[in-house]
Structure formats: C-alpha cells, structure tokens
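1. structure, please.
(chains A and B, ligands or ions: 2)
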Amino acid sequence: MQTAAPLLEVEGLEVEFRTRQGIARVLDGVTLSLKPGQTLGIVGESGCGKSMTALSIMRLVPTPPGRIGAGAVRLKGENLLQASEARMREVRGKDISMIFQEPMTSLNPVYSIGDQIAETVRLHERLSRRASLERAVNMLKAVHIPAAERRVREFPHQMSGGMRQRVMIAMALACRPSVLIADEPTTALDVTVQAQVFDLLKEMQEKTGTAIILISHDMGAIAEMADRVIVMYAGRVVEEAATDEILESPKHPYTRGLIACVPHMEEQPPPERGALTEIPGVVPSLAALGAGCSFAPRCSHADDLCRRQAPQPFTVGTDRRTACWLYDEPGAP
Amino acid sequence: MLLAVIIFNFILLSLVPGDIADTLAGESGGASQEVMDDIRRTYGLDRPFHIQLATYVGKVLQGDLGTSYYFNLPVTELILGRVAPTLLLVVTALVLAILIGTLFGVIASRKPNKLFSHFVTVLALVGFSAPVFWTAFLLIVLFVAMLEIMPLSGLVDPTTPRGTLAWYLDVLHHLFLPVLSLSSIYLAAYSRLARASMMDVLGSDYIRTARAKGLGETTVTYKHALRNAVIPVITIAGLQFSHIFSGAVVVETVFTWPGLGTLAFESILRGDTPTIMGILFFSAMIVIIVNLLTDIAYRVVDPRIRSARNA
Ligand SMILES: Nc1ncnc2c1ncn2[C@@H]1O[C@H](COP(=O)(O)OP(=O)(O)OP(=O)(O)O)[C@@H](O)[C@H]1O
Ligand SMILES: [Mg+2]
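-> Residues are numbered from 1 along each chain as shown, chains lettered A, B, ... in the order given. Ligands and ions are numbered 1, 2, ... in the order given. The predicted structure is shown next:
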C-alpha cells in the first residue's frame, strides 16, 4: 500500500469566508492524500474545517460567501480546482460521492428513494429508467434494506434515520465511485445504529474497493475504520499519521489532548465528572487568527516562537508529519 | 358547516336596516304605509323572525334559494347565469398569479442580490399595498384612455356574433384588464412568497445532496427545489381564495364585468336579500370546493400528506 500512487491529493488548500467580522480563513494550507481503497480519518473539534475540506474537494463550498483561495485537489492527477463546472458535475456522484451528517434531511422528501438513487445512475451511466431502478433495488439490497423491491417505492419520511443513512450510502455508491466522503455519517444516529452503519461502510468498502474519507468526532470509530488519520485544528492540519501511531504516541500537543479526552471504555467509568479530561480554552475565532500557531493560547508548551510564527509540518519518523515547533529538530521529545 | 353559513348569513342580513319595501317604495317615488305592508306580506317579512329563518333554511336544503325581489327570477337561475364570467375572471387571475408569481420567485431566488430580485421585492411591496380599485383605474387610464388598445368595460362587444372565434377572442380582450388588476396583488404576494420559500429550500440539506450527485443547477432548481418550495404557495393560495373572491367584487364593479360580484354589489344597494344570501351561500360552497381542490393539489405534490391521510 505504501507504494501505490495516491488517488486523491489535496495540497495547500485555502478557503476563505467573508463574514461580518472580516475575512475568516476557514482552511489554511490543508494537505492530505488518499490511496486507492484506503480509509483516511479526519478528526478535530467542531468548527475546525472538516466539512469544509470535504466540500472543497467536491467544489461545493457555498460561493459567496465562501471562496477557495489557493491550493490543488488532484484526483488521479487531474486538478479539480481548475476543472470546468461541467467536468465537476461528471466527477460528483461518479468519481467522488458524499454522505452527510443529517440523514433525516439529506433526502428530498417529495421523491421516492428509488427515484433518488436511480437519478444518479441515469445521470452518470445513461441507463434506461428500468435499468436504473433495477440498480436502485440492487443497491438497497446491498445495504441490507429488507423488502427492497417494496421499499424502493417508499418516501424518505417512511424510514428511520438509520435506514435513511443506508439509503444515502446506497445512493453514494450506486455509480461505484473511487472516493466516498462520509461526513460524520453517524452523529445523528443512536449508538446501536452507529455501529451498524460503520460495519456497512466497511463491508461496502471491501466489496467495491472504494477509498473512504471518514470525518468523525468518534475516536473509537476512527480507530476501527481508518488506516491513516489527520488531525485538524482551526483550519490547519496539525498532525498526520497512521492510525495506530497516532493512538499510541500522539505527537502534537493538541492531538495528545484530543486522545486523552477519549474515555477508556475498558476501565471503570470515572468517579466524578471532573475526572474527564478536556483541553482547556476554546477554539479561537478564525477571523482573529494572528501569525502564530493557532493552538498556542491553549498549549502548555507554547513559547515566544509559537506565538510569533506558525510552524510548518515537520516530518517525524518515516511517514508522519506534525505541525509543531517541538519537532523542529530531529530527536526532540 | 354549510348550514351554519346559511343561518349566520340570514341573521346578519336581517340586522341590516331597510328592506325590499323601502327600496321599491324609494324607486317608485314613495308609497303609502298600506302598500308597504302589502309588499312585506307578499314576501313573508311580516312573520316572526324564527319562522322566516326556518322557512329559508328548509327551502335552501331543497335547493331553492328563493326569488330575487328585484329581478323577480329564481335566485339559483340568476346566480348560475353569472357564475361563468366570475369563474373565468377569478380562475384566470389566480392561475396567472400562481404561475407567474412562482416563476418570478424562482428566478429571483437564484440570484438574490441581482436586479431582478430587487425588482420582485419592489413589485411585491407596490402590488400588495395598492388597493385593487386603484390599480384598476390606473390600468384604465393607461390602456384605455392613453393607449386606446383595451375596451373599458363589459364581457364582450355585443355586436360580435356569439360562439365564433372572434367572440372568444373578444372575451379574452375584455378579460385582459380585469384579470391584470385582480391578479396584481396576488402576483406580488406569491412571487415574494415563492422567493422566500425557494431560498429556504435551496439552503436545505437535500439540495446539497442533489448537487453532490452531480446534477446541474437547472435540475436542482426546477426538479428538486421547486416542488418543495411550491407547497407554501399552494397553502396560501387555497387560504386566500375567499379573499380573491371579494377582490373580484371590486374589479367586476369597476369594469362592469357581468359576474357574481356586480350582482352582489347591485343587490346590496337594492336590499335584494334573497339574492345576497344566495350569492353568499354560493361563495361558501365554492370556497369549500376550492379547499378540496387544494387538498388534492397537496397530495399530488407532497407524499408525506398522501400517506398521512391514507393511514
Ligand atoms: N456560511 C458560512 N459563513 C461563514 N463561516 C462559515 C460558513 N460555513 C462554515 N463556516 C465556518 O467554517 C469553519 C469550518 O466549518 P466546518 O463546517 O468545516 O466545521 P466542521 O469541522 O465540519 O465542524 P462540525 O464538527 O461542527 O461539523 C467554521 O468555523 C465555520 O464557522
Ligand atoms: Mg461538519
């Protein structure tokens, strides 16, 4: 897997939003790469730009007020940021698909789910109505929806949240995309259903070989699903590594805090609420970011250099990077 | 429901001072007390109130709306003769207002900061605040007095042979200004409503899904967004139907359009109670029918309602 050429590469991506407080740089130099069949996890606090990264890859950033300022998104070498809108419409749903956090509202309430799945197939593969509806039924079967032949004619309001998320997965995978972006696909679902959806994603990945970008708050899910993880903070990637490396020896102070926050299931539950670790402070306003490292105000290791200048990602070991001055010199902690 | 309407109308109208005897006496230049009593006896107005009410309700239930004091014709017949022009006016105005209003709203919503969107906002403001009769007079000044391309009043030029193509075209020609005046308010209201509703829908999650599937903006707007955005428009249009009916009274009067509105207006002046009550009863029925039609429209557009009602 190490040698395979990247399928999707994001490089130096910058996204800005015009807000009342001024220009907010929502993404600042986001870089990531995804190999065929791999799963990449993206973690980080709310508002750090995970969804915006996903939307930028699809070029669906709402413009205005948003704007992709700089960078490249390369799919099999083709820079999508320079592609025409018509070309992007070909890519969306066919090469790169996306499922969203809110299964309750992500399906159009006035069309049957069969129509909605078939629509994608008809659009991208120019199949007949019949054939595309047949594909819809098969996809519903693949995502384990019982009585698929009947369900295909039903409407979103007739299904539960978990069921709808399965439909979304069926729809996203109907044209066999090479990349599936799942933006917190289980956040809105209850815990038992969450596990089922993750299992389904894994199963579908094994069947279709699609690469997945999994955005999640849930470290447990990331640990189980992802091959590699990137950690984002205030619009920047602060650490990137293989999943076990990041879980076992997080480098960046923010990542360490993040992993310490995860309660360990095997141990006894903490005796009191205060015992749950949390990272002190809050995420800074993106419009008010200074020149220094954006995590510095909350970091116990911060010094003058951190406050003056933002660190570039430094390579640590063989295949991991972290944006922290602590790792400037080889052999640092 | 209908019964309540009938009784309510009856009580309301009996509270109005003056009756048919006063009117007839007034028209013939005064009459003696005996003549007036005589008239009242003929029409049963001398009997106690509850008997009058019971008699009327009983007749209506048999489909008899009574006899017009003024025309001396059965009210049912009188009304049926006037229904077609009114329906033509109201339905055309409503359909135009909904279609054009929604279209304006959709176009405006796609570019909320462009000129056209501001135009729709202004149009909505003007259309909504201008009284119908004022709009009507303004249109008359413009099209009839200044441009001289539109007829002033009536349904059709009486010299045109009935039933020919020319006749139909002439009706359309006469229809133009009344429909324009009547639809102006609703056009304004619906375009504003459709614009707001579309902007709301365009920001929703399923529109993002549709875009993520690779659909073009036209499909996203007209297939995925419009069908959802039109639901509030249907609701309001259904609720406002009785409103547009009362607007029709004004427009018909201004353009002497021979519909129910003119009849209602004249009958009120004449104190022709059976006709007024007949018209009110008829309007109530139409409003009920329209509510049914609205319901059907809902079912066609929105599957959530379809299954909720079937369950
Ligand atoms: N329409 C907008 N206008 C201004 N700022 C926006 C807009 N949409 C998003 N942002 C900003 O972009 C930043 C990144 O948002 P994003 O949705 O990517 O966060 P996220 O990491 O996905 O968070 P969550 O975990 O809550 O989904 C946030 O700080 C948010 O305030
Ligand atoms: Mg998000």
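2. can you tell me the element residue B:98 falls in?
-> Under the assignment given by DSSP states H and E, the secondary-structure element containing residue B:98 is helix B:75-110.
3. could you point out which element follows that helix?
-> Taking DSSP H and E as the definition, the helix or strand that follows helix B:75-110 towards the C-terminus is helix B:115-129.
4. does that next one reach chain A?
-> No: contact between helix B:115-129 and chain A, assessed by C-beta under 8 Å from any C-beta of the partner chain, is absent, since the two come no nearer than 14.5 Å. The way it works is simple: take the backbone N, C-alpha and C, and place the C-beta from them, glycine included.
5. I would like the residues contacting that helix, please.
-> Counting by C-beta atoms under 8 Å, 6 or more residues apart in numbering or on different chains, helix B:115-129 makes contact with B:104-105, B:107-109, B:111, B:135, B:184-185, B:187-189, B:191-192, B:195, all of which sit outside it.
6. what's the answer for stretch A:185-193, then?
-> Among residues not part of stretch A:185-193, those counted as contacts by C-beta under 8 Å, 6+ apart are A:99-104, A:161-162, A:165, A:168-169, A:194, A:197-198, A:201, A:214, A:216-218, A:221.
7. quick check: end-to-end length of it?
-> Stretch A:185-193 has an end-to-end distance of 11 Å (C-alpha to C-alpha, to the nearest Å).
8. how about it, which residues are buried there?
-> Residues of stretch A:185-193 classed as buried under the neighbour-count rule (16 or more other C-beta atoms under 10 Å in any protein chain shown) are A:185-186, A:188-189, A:193.
9. can you check stretch A:113-124 too?
-> Of all the residues in stretch A:113-124, those buried under the rule 16+ other C-beta under 10 Å are A:113-124.
10. among those, name the ones in strands.
-> Among the buried residues of stretch A:113-124, no member is found in strands (DSSP state E).
11. picking up where we left off before, packing partners of the helix holding residue B:98?
-> With contacts defined as 3 or more C-beta pairs under 8 Å, 6 or more residues apart in numbering or on different chains; DSSP states H and E, the packing partners of helix B:75-110 are helix B:115-129, helix B:165-202, helix B:226-239, helix B:241-254, helix B:260-270, helix B:273-301.
12. close to chain B, is stretch A:76-91?
-> Yes: if you take C-beta under 8 Å from any C-beta as the test, stretch A:76-91 does meet chain B, through A:88-91.
13. same list, those, but as TSV with neighbour count and secondary structure please.
-> What follows is the residues of stretch A:76-91 next to chain B, written out as TSV (neighbours: other C-beta atoms under 10 Å in any protein chain shown; DSSP: H, G, I helix; E, B strand; the rest coil):
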residue	neighbour count	secondary structure
A:88	17	helix
A:89	21	helix
A:90	14	helix
A:91	21	helix
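14. using TSV, lay out these together with pLDDT.
-> TSV is the format used below for the residues of stretch A:76-91 next to chain B (pLDDT from 0 to 100):
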residue	pLDDT
A:88	91
A:89	92
A:90	91
A:91	92
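15. which of those lies closest to chain B?
-> Top of the list for closeness to chain B, among the residues of stretch A:76-91 next to chain B and by C-beta to the nearest C-beta, is residue A:89 at 4.6 Å.
16. contacting residues for that closest one?
-> Here residue A:89 is in contact with B:214-216 (criterion: C-beta under 8 Å, 6+ apart).
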